[in-house]
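Engineer: Quick one: sequence plus predicted model below, questions after.
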Amino acid sequence: MDSPRQSKNQNREPRRTQNHSSTPPQKDAYARLLSQHSSTKFSLYLEQYAKDTVFQREGNGPSTQLKAQSDRQNIPQRRRDQVPNDFSDSSDFSPSSMKSKGEESSLSLYMEKLSTRSAQQDSERKQGVSDRQRWGQRRDTATSQDGDVESGEELGSSKPNDMKKNQKQQKKNKDSNRDVTSKETDSPFACPQSPNNASTGELEQEKTKKAKKKTNTRHPEEEKSTEGALTSGVDSQVTRPKSPHGRDKKVQQPRVSSAYSPADKSKNKGGRGSKKQVFESYMTFEEVSHGLKRGELLQGPIRINPKKFHESFIPSPNDTRDIFLDGIVSRNRALNGDVVVVQLLPREQWKVVRSDTDCDGASESDTQKENMVQRAQKKTERKPRPDVNVEDRASDQDELIHKVQNTTLTDTVEHLEDPSTPRPNGEILQKTAKVVYIVEKKHSRAVTGFLKFLPDKPFAMFSPVDHRVPRINVPLAECPENFTSRPGDYTNTLFICRITNWSADSNFAEGQLAKTLGQAGEIEPETEGILIEYEVDFSEFSTEVLDCLPKNLPWTIPAEEMSKRKDLRKECIFTIDPATARDLDDALSCKRLPDGNFELGVHIADVSYFVGEDNALDSIASRRATSVYMVQKVIPMLPRLLCEELCSLNPLIDRLTFSVIWNITPEGKILSEWFGRSIIRSCVKLSYDHAQSLIDAPDKMFSAEELPPTDPEHPIDEIHQAVLNLHSIAKSLRAQRFSGGALRLDQLKLSFTLDKETMMPQGCYVYQYRDSNKLVEEFMLLANIATAHHIHSKFPELALLRRHPPPKAKMAEELQELCDQLGIDIDLSSAGALHKSLNTSLGDDEYTAARKEVLTHMCSRPMQMAMYFCSGALKTESLFKHYALNVPLYTHFTSPIRRYADIIVHRLLAYSLKCGPSLRLKTQDVEKQASHCNDKKTLSKKVQELSSELFFGVFVKDCGPLDSEAMVMGVLDQSFDVLVLRYGVQKRVYCKSITGLSSFRHHKVGKKSELTLIWIPEDLNKAPVEQVISIFTLVEVQLKADGAPMKYSAVLKRPDEKEE
């Protein structure tokens, strides 16, 4: 979008308009002056207005000086943001503008006159949002420049419908927020309380004055965009719908290849009484295709900051810092995860930051003046575009998605100048952009939240729990029957709502209730809400799917199949899994050979035998793509008959497998390799605890009572020795991997003990990753690497592989600089160098492990996600590499019960060995499925995290408050993040909420940030206690449940207060 500041070119044409004439400023521009009543500029304005009043009485119009001065006046975003809306005003919930109530002043009459004149011209041209970008002060975000790190405070904003309304709202600010005080702490829309805010607006105003002196008039198009994004709603917690909402008719349709139609451009043609268009119309299909080819547009998944909703990002195609989208209007109705096409804003509108860290909003109170560039440059003219119905062109849409993916990886890079080089004053530019097209709606458009009754409205307001999603108007007919008569009964009821529409002229989405989940704060309703919101299919498998399963039960392996496979049933083969696992898809064997070497086997459940290609079972498995593991349950990818019985490698039962068998030396050198279909009979089901016991006691004679039931043909001693041999070889392989340049970033994982009847958390602990885990991991990696090389050599255009890109270069450089300043000897030049320095540079005391966890977290921020891909779709083989494993080729072969990608790999492997059916796969099919598996894996990981957070919230509520040591992970200027060492959770502590704190001050030198907390002394005769907070500082915290369901906070304890 174009700058909100005055353009230097007075005669330029407004983008996407058909009327080229200039008009006087619209009414809202004058209304905004009210929020700057204390400024010198406004005083001069009033003096001039008084003179003009005399001229008008004598028959003269308003002076040119007055018009020019009002045009030059620029009210900073922060000042406008601090004017709350009157909650009773219908404009809080409807985009239609309202007349001011009560007696109008002569100034407002004058503004009305100008507004009427402007409306007449509006009717002659297409309504649209101006291309300018509004910039708000960035607050309280951590140092991740890709925008995923949460922030603590958000900007409030108001919609300047008219002058009188804003005056009234200032008076009602206190009352209107009284009922939601407790919610504002977590609200991304709560008005900031920083004492720096007032000075921020004045500094910005002074800078803006200078920028405006070169011009006398403002285009009418430039006045429009303030209407859209500056709105406020029913309560502070849910002011999310300040994001305006557009058409969204494809909620229930498959997400692949789904796109927004630009057909809504035909609406909102303007004219007197019409709604203001909040968002730009989308580009046409042809414009997007051509723009991508020419490198004028970019594509990528949009990521919205969870607690700072107005900040969003898309990845940069040339691996520099992410591209920044500022504000809801620039996001143009896209939701988190959607694949969008963006247009870079002119260089003059790029964001100015003083360091890479500031790109991430690391400062909470930097002034807007220092973060903005003067944005008074020409707009790029664009002719009106004809409406095109993209939804009727599915094949073209698929082609566009494919074209977009390839274009952004390669073609656009050369068109983007890297602005990273610091300017003479040390400032750096970060590119900014706006969404012009939504290629693929990845977000489900289903959200959990609460209903709020609005008197005298034909709809209720749905407030999503996820602040990145806008508020939704739900027709009362969709609400429960007695909702209007007894709305209080539903205050704590959790609903699922689906967005059905989000028009370009509205600040709020429209939707319908999909389901009533139950009471907020209860595990099952909350769990169901998470599953629905993240599109996890937890429905029962259909009859058509179940018909694909074997009918004759108990099932036995057909004799015909026996003859085709290698019979390994007499071998000592066993499984090692978590104690609660029921889907056992991998087993191990290790037999010493006469020459002193070993025959070592990895045996994987042959799921592809049961899941034929292109039947109903295959279809549902490909859609689900992965099993989803939650604290108390698993949502399986396959019917339980397969994943827990017929495919699961349960002990003492014949099972079909795919095996990789190596002849290997005791040092881990591979002498030979064999792939093939086989039959095994597991002799025992070991848990990780059992295996660890065997490893820890190599000389002990274990009794039958100490282990699960075993096959009599294989004595316990034989199993024990096999585990010890596997452990020895695994240690050698692991040492070779890490000496060869591999990396592992271990992060703390929280586990729970549950009541068997209620499934409520009874306790929690940090999961210990031990030698038995490492043993299994090492051989799974070895099998996956071997399989990747095999299928790629046989099918260079079809192989489904997994790659891991290197860290984002700019973030890695920033981290290196910070570590250097902290005195940490860390080497980020390669995966191996990082692994080595993580394990050698943090001292040797009781807190070494904690420091390593903090540093590991810091190092994980620049890392990118590993992803599936088809080898034929990515032409540059150097991009195939897996960074963390430091191997050229990698895939997933070892978990076909829970991952669909592994089933495809099994099919490729079987066909290559001439022991499976012919393939009907094409490169584009494999790539499309790979992309879908990536999406589902990401969602599954998020669901798993949310489930853990849910249970821990319940645990804190039931068993808290909980005391623990914590180590500081990051420092901002008004808050800091801690790692709670006893539980492995991360929380943010806000200085303003610390009880007993007199004041605090922030100090930053280079990349190192420190907070000094000044505590009020318990003995008032003593001096205040100072506590310095910096990275690696050890503090004491107490975890306490909040008023909101499932929420808890970390309370900092006084530095002299110890646990008793």
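Structural biologist: Yes, it's here. Predicted model, so just to flag it, every value in this text is computed and none were measured.

Engineer: After the longest helix along the chain, which helix or strand is next?
Structural biologist: In the chain, with assignment by DSSP state H, the single longest helix is helix 923-959. Using DSSP states H and E, the helix or strand that follows helix 923-959 towards the C-terminus is strand 962-971.

Engineer: Can you give the contact residues for that next one?
Structural biologist: For strand 962-971, the external contacting residues (Cβ atoms under 8 Å, 6 or more residues apart in numbering) are 142-143, 847, 850-851, 853-854, 857-858, 956, 976-983, 986-987, 1009-1011, 1029-1039, 1050, 1053, 1059. Where you see a C-beta, it was placed from the backbone N, CA and C, and this is true even at glycine.

Engineer: Stretch 532-547 now?
Structural biologist: Contacts to stretch 532-547, defined as Cβ under 8 Å, 6+ apart, come from residues 255, 444, 446-448, 466, 496, 514-515, 528, 530-531, 616-617, 620, 623-624, 628, 635, 639, 641, 939-940, 942-943, 946.

Engineer: Between the two ends of it, how far is it?
Structural biologist: End-to-end distance of stretch 532-547 (Cα to Cα, to the nearest Å): 26 Å.

Engineer: and what of stretch 605-622?
Structural biologist: Start-to-end span of stretch 605-622 (Cα to Cα) is 18 Å.

Engineer: Can you select the buried ones among the contacts of stretch 532-547 for me in ChimeraX?
Structural biologist: Burial among the contacts of stretch 532-547 is assessed by 16 or more other Cβ atoms under 10 Å; the matching ChimeraX selection reads:
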select :255,444,446,447,448,466,496,514,515,528,530,531,616,617,620,624,628,635,639,641,939,940,943,946
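
Engineer: Which of the contacts of stretch 532-547 fall within strands?
Structural biologist: Here DSSP state E is the test, and these give Ala446, Val447, Thr448, Ile496, Ala514, Lys515, Val628, Ile635 as lying in strands.

Engineer: so the fourth one touches Leu531, yeah?
Structural biologist: Think Ile496. No - counting by Cβ atoms under 8 Å, Leu531 is not a contact partner of Ile496; they are 9.9 Å apart.

Engineer: buried ones in stretch 568-579?
Structural biologist: In stretch 568-579, counting by 16+ other Cβ under 10 Å, buried: Leu568, Arg569, Glu571, Cys572, Ile573, Phe574, Thr575, Ile576, Asp577.

Engineer: typed the wrong thing, it's stretch 435-452
Structural biologist: Neighbour-count burial for stretch 435-452, counted by 16+ other Cβ under 10 Å, picks out 435-452.

Engineer: ok, so what distance separates Gln1027 from Ile472?
Structural biologist: 44 Å (Cβ to Cβ, to the nearest Å).

Engineer: who has more neighbours, the two?
Structural biologist: Ile472 (31 against 18; other Cβ atoms under 10 Å).

Engineer: Tell me which residues touch the more buried one, please.
Structural biologist: By Cβ under 8 Å, 6+ apart, the residues touching Ile472 are Pro241, Val447, Gly449, Met461, Phe462, Pro464, Cys497, Ile499, Phe508, Ala509, Glu510, Gly511.

Engineer: Need phi/psi at the fifth one.
Structural biologist: The one in question is Phe462. Dihedral pair for Phe462: phi -100, psi 120, per degrees, to the nearest 10.

Engineer: Let me see the contact set for it.
Structural biologist: Phe462 makes contact with Gly449, Phe450, Leu451, Lys452, Arg471, Ile472, Asn473, Val474, Phe495, Cys497, Gly511, Leu513, according to Cβ under 8 Å, 6+ apart.

Engineer: Let me see the confidence value for the last one.
Structural biologist: Note on Leu513: pLDDT of 93.

Engineer: ditto for the fourth one
Structural biologist: Here the pLDDT value assigned to Lys452 is 93.

Engineer: from what I can see it touches Pro464, true?
Structural biologist: No - using Cβ under 8 Å, Lys452 is not in contact with Pro464; the gap is 11.8 Å.

Engineer: Leu649 against Arg681, yeah?
Structural biologist: No - Leu649 is beyond contact range of Arg681, at 9.3 Å (criterion: Cβ under 8 Å).

Engineer: Could you pull out the residues contacting both of these two?
Structural biologist: Arg655.

Engineer: Pick out whichever of the two has more residues nearby.
Structural biologist: Leu649 (26 against 21).

Engineer: how much space between Trp350 and Glu797?
Structural biologist: Using Cβ to Cβ, one obtains 40 Å as the distance from Trp350 to Glu797.

Engineer: which of those two has more neighbours?
Structural biologist: Under the neighbour definition other Cβ under 10 Å, Trp350 and Glu797 were set side by side, and Trp350 has more, 22 against 13.
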